[in-house]
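Asks: Kindly generate the corresponding structure for this input.
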Amino acid sequence: MDVGINYFDTAVQYGMGASETNLGLALKALKPAEAFVGTKVRLPPSDFGGIAAAVTESLDGSLARLQMDHVDIFHLHNAITVDGGGDTLSVAQVLNEVVPAFEALRKAGKTRFLGITAVGETAALLRVIDAEKFDSAQVSYNMLNPSAGEALPAGYPAQDYGRMFDHTRKAGVGVVGIRVIAGGALSGSEERHPIASPPPEPIGTASSYDADVARARRLMPLVTEGFASSLPEAAVRFAITHPAMGTILVGMATVAEFEAGLSAVQKGPLPAAAMARLAALRGGFSGESR
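Replies: Take a look at the predicted model:
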C-alpha cells in the first residue's frame, strides 16, 4: 500500500480459501484507506444446472472469508467456449445465466464490477467482451504471446487472442494482465522457490511449461544487450507497455520477488528499441510446433 499498490487479487481456489482468509485478516488489521479487492468463482459442471444459486453461494463464502460486505470486482473463473462442454461455459450460458446472476449480486451491493477471466476459445471470448456486459477482463499477455495486443506472424506457436485489447477498448472493459511472467517460465529458469506453487499449465503459450522456459531463454539477449537487468524485469515492463493494460498480476513467493517486481514497474515501460529487439527474437519461434 505504501508504494501505491492497491489492487489485491484472490480466489476461493487459491489455497482452498486460505488466500481469501489471510487477505481479509491483513486488510482488517491494516485498515487501508483505499484497497480494491477482486475475487472469482469457478463453477464445476455439477453446478451448471443452477448457476445463479452456485454463483451466489460462492461469493457469499468469499465475503465471509474476506470479512467484507462486498468486493470491487467479481470475476468468472471458468474457461469460455462457443458451445460449452466439459468444465467450460458456453457464450450463451455466460450471457444468459452468469450475467444476470452477477447483476443480481451487484444490485445487492456484493460487488461493484463484473469480470471474466479471458481463457478459452478466442471467438467465444471476443463475443462475450463485445456484448458489453462485463467491466473487467483478465487477459493473458506476455513476451511469449503478445497476441492480445498485436497480430501474430504466420505459424506462431501460441493461441491467437485476436488483438483482444482492441475489443476491450471498444467495449469499455478494463484489463487485468495475467500470466505476465508466463507462470514463472519467463524467469528462464526451471527452479522454483520451495513455497511457490508447482509449474502451472501454460495459458495461451506453448503446450508445456518446459517448452515455455526453453523459449524464454532464447529471449536472453534482452538482458545481455542491456535492455533489462533480468528476464522477469523485461517481462513485467513489457506487460505495462501496452496502453490497454490497467494493472498486472505478478505472482511472488518472497519479499525479494516482490521488490524485484516493484523495481521493474518503477523503471517503466520498455523502450521502442527493446520492443523491436524482442519482436525480432520472437520471430524465430514462427513455424515451430506449439
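
Asks: what about the helices in the stretch 51-200 of the chain?
Replies: 51-66, 91-93, 99-107, 122-130, 164-171 (DSSP state H, counting those that start in this stretch).

Asks: closest to P146 out of these?
Replies: helix 164-171 (9.9 Å; Cβ to Cβ). The way it works is simple: take the backbone N, C-alpha and C, and place the C-beta from them, glycine included.

Asks: How about that closest one, which residues are buried there?
Replies: M164, F165, H167, T168, A171 (16 or more other Cβ atoms under 10 Å).

Asks: Please apply the same query to stretch 230-244.
Replies: Residues 230-242, 244 are the ones in stretch 230-244 that count as buried (16+ other Cβ under 10 Å).

Asks: Kindly report the same for stretch 266-282.
Replies: P269, L270, A274, M275, R277, L278, L281, R282.

Asks: Output that stretch in CSV with nothing but the alpha carbons.
Replies: Written as CSV, here are the backbone C-alpha positions of stretch 266-282 (Å, rounded to 0.1, in the frame of the first residue of the first chain):
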residue,chain,number,x,y,z
GLN,A,266,9.1,1.7,-11.4
LYS,A,267,11.6,1.6,-14.3
GLY,A,268,8.6,2.0,-16.6
PRO,A,269,7.6,0.5,-20.0
LEU,A,270,10.2,-1.0,-22.3
PRO,A,271,11.7,1.5,-24.8
ALA,A,272,10.9,1.1,-28.5
ALA,A,273,14.3,-0.3,-29.3
ALA,A,274,13.7,-3.1,-26.7
MET,A,275,10.3,-3.9,-28.2
ALA,A,276,11.8,-4.1,-31.7
ARG,A,277,14.6,-6.4,-30.5
LEU,A,278,12.0,-8.6,-28.7
ALA,A,279,9.9,-8.8,-31.8
ALA,A,280,12.9,-9.9,-33.8
LEU,A,281,13.8,-12.6,-31.3
ARG,A,282,10.3,-13.9,-31.1
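
Asks: Just the residues contacting that stretch, thanks.
Replies: Residues outside stretch 266-282 that contact it (Cβ atoms under 8 Å, 6 or more residues apart in numbering): 143-144, 146, 218-219, 221-222, 225, 227-228, 233-234, 237-238, 240-241.

Asks: do stretch 38-53 as well
Replies: Here stretch 38-53 has contacts from 7-13, 20, 54-55, 58-59, 62, 66, 71-78, 86-87, 89, 93, 97-98, 100-101, 104, 115, 117, 136, 176, using Cβ under 8 Å, 6+ apart.

Asks: Give me the distance from it to the chain's centre.
Replies: Between the centre of stretch 38-53 and the centre of its chain there are 19 Å (Cα atoms, centre = their mean, to the nearest Å).
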